[in-house]
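Participant: could you work out the structure for the sequence below:
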Amino acid sequence: MIKQYDIQKISDLPIEQVADALGLNVARHWALCPYHNDSKPSLHFNEAKNKFRCYVCDHYGGPIDLCMQVEGLNFRDAVKWLAQTFGISIDNGTGRPMRGVKRRPVMPVETHQKVNVPDISKLTYLVEHPIITDAAKAFLFNERKLDPRVIKWCGINSNDSHLIIPYFGLDGRLQSIQWRYLGQYAKKKIEGEPRFRFLRGSQCHVYNLQILRMLKPAEPLFVTEGCSDCWAMMSAGHKAIAIPSATLLKPDDLKPLNGLSLHMYPDNDKPGERLFLKLREVSDRITRHQLPEGCKDFAEYYVQKLLNC
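Facilitator: Below is the predicted model:
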C-alpha cells in the first residue's frame, strides 16, 4: 500500500508540469482535453488550486487523475508513473522504494497524434510569442550576463520554473523543445526535477543549426557543449552551435559541419574531450582553445571576463 504522505507528494506536483510530462500542449493554462474528442482547447489548469477542469465534458481533478486518463493507468500505477517521471522516491509499505512502472516508449514525431504526444511541428506558439518571466530574467541576465538580443533571436521562452528552448533545423523549422529547470530562481520548486530534459516526443539535435545560414565562407563556427555555452559564445560576438549530447546524435546529424572552420573550448572534463575527438572525425579543420584553469565551461569563462573588465 502506498502511504498517504507519498500520495500527497505526488498530488502536490505542479499540474501544468504534469500535463507537460504527459505530452499535453499547455498554452496560457489551456490544453486539448484528453477525456473527449477535443478540437479547441477546453481543458483549463488552475495553478492556485493545482487542479484541472474541462469546460465541455466537465471532467476535473488533479495530477494523478490526469495521469490515469492520459496514460490509461490505475491509481497505483499512475502514482508510480509520476514518481518515476519526476524522480520522487516513494515507499510501498515494506520500507523499500517502490519499483516504477515500465514507461511507454517515445514514439516518432510523425505518430504523436495517435498517443497523445504533441506534434513538435505544431508547437509554434512557444516561439512565436515568447515570454521571459522574472525567474528567467534573473538566470539569463543577472547571473549569466547574456545579451538579450541573443535570447530573443534564439526564440527562448519561459515560465515560472523553466526555460523553454526551441531547436530549429537548417531550414528554420522547429525540430525539438528542451526544458531547462531554473533551480533557485524557480517560483515553484520541483523535487527531483532534472536540470535539462526534452519535451516528450522530442529528440536530441544539434542546437542553433539555423545559424549556419548566416555563416560566411571560412568564418569560424564555435562548437559548444550546451545551450548556455552557446548563448554565452553568441553574446561574446561569435557564431555558435551546441551539441548537448554527442552520444545521442546520429552520424548524419553532424554532416552539416563538414568542411566548416570549427573552433571549440572543450569543457574541462572527459565528456568535453570526447566531443572534441568526435568532431575531429568530422572535420580536420577544427581548432582547440583552452579554458583558463578553474573555469569548467565557456559560460563561466564568459561571466568571469565580464566581471573582470
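
Participant: tell me the buried residues in stretch 72-91?
Facilitator: By 16 or more other CB atoms under 10 Å, the buried positions in stretch 72-91 come out as 73, 76-86, 88, 90. C-beta here means a position set from N, CA and C on the backbone, and glycine is covered the same way.

Participant: let me know the closest of those to Tyr302.
Facilitator: Phe86 (31.9 Å; CB to CB).

Participant: quick one, longest helix in this structure?
Facilitator: helix 270-282 (DSSP state H).

Participant: for that helix, C-alpha coordinates in PDB please.
Facilitator: Extracted as PDB, the C-alpha positions of helix 270-282 are listed here (Å, rounded to 0.1, in the frame of the first residue of the first chain):
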ATOM      1  CA  LYS A 270      36.000  13.800 -20.000                       C
ATOM      2  CA  PRO A 271      32.800  14.400 -22.000                       C
ATOM      3  CA  GLY A 272      34.300  17.700 -23.300                       C
ATOM      4  CA  GLU A 273      37.400  15.800 -24.500                       C
ATOM      5  CA  ARG A 274      35.300  13.000 -26.100                       C
ATOM      6  CA  LEU A 275      33.200  15.600 -28.000                       C
ATOM      7  CA  PHE A 276      36.300  17.300 -29.300                       C
ATOM      8  CA  LEU A 277      37.700  14.000 -30.600                       C
ATOM      9  CA  LYS A 278      34.400  13.100 -32.200                       C
ATOM     10  CA  LEU A 279      34.400  16.400 -34.100                       C
ATOM     11  CA  ARG A 280      37.900  15.800 -35.300                       C
ATOM     12  CA  GLU A 281      36.500  12.700 -37.100                       C
ATOM     13  CA  VAL A 282      34.000  15.000 -38.800                       C
END
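
Participant: what sits up against that helix?
Facilitator: Helix 270-282 has contacts (CB atoms under 8 Å, 6 or more residues apart in numbering) with 223, 225, 243, 246, 254, 257-258, 262, 264, 266, 286, 288, 297.

Participant: where do the helices of the protein begin and end?
Facilitator: Using DSSP H, the helices of the chain run over 4-11, 15-21, 63-71, 75-85, 125-128, 134-137, 148-153, 227-235, 270-282, 298-308.

Participant: buried residues in the last one?
Facilitator: Spelled out, that is helix 298-308. By 16+ other CB under 10 Å, the buried positions in helix 298-308 come out as Phe298, Ala299, Glu300, Tyr301, Tyr302, Val303.

Participant: between helix 227-235 and that helix, find me the angle.
Facilitator: On the basis of axes from the mean of the first three to the mean of the last three CA atoms, to 10 degrees, helix 298-308 is oriented at 50 degrees to helix 227-235.

Participant: what is the mean pLDDT for helix 298-308?
Facilitator: For helix 298-308, mean pLDDT is 92.

Participant: one step back: any chance of the contacts of helix 270-282 in a markdown table, plus neighbour count and distance to Asp65?
Facilitator: Below are those laid out as a markdown table (neighbours: other CB atoms under 10 Å; distance: CB to CB, whole Å):
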| residue | neighbour count | distance to Asp65 |
| --- | --- | --- |
| Val223 | 26 | 45 |
| Glu225 | 24 | 40 |
| Ile243 | 23 | 40 |
| Ala246 | 18 | 40 |
| Leu254 | 18 | 44 |
| Leu257 | 20 | 47 |
| Asn258 | 9 | 50 |
| Leu262 | 21 | 50 |
| Met264 | 22 | 48 |
| Pro266 | 23 | 47 |
| Ile286 | 18 | 52 |
| Arg288 | 13 | 53 |
| Asp297 | 20 | 42 |
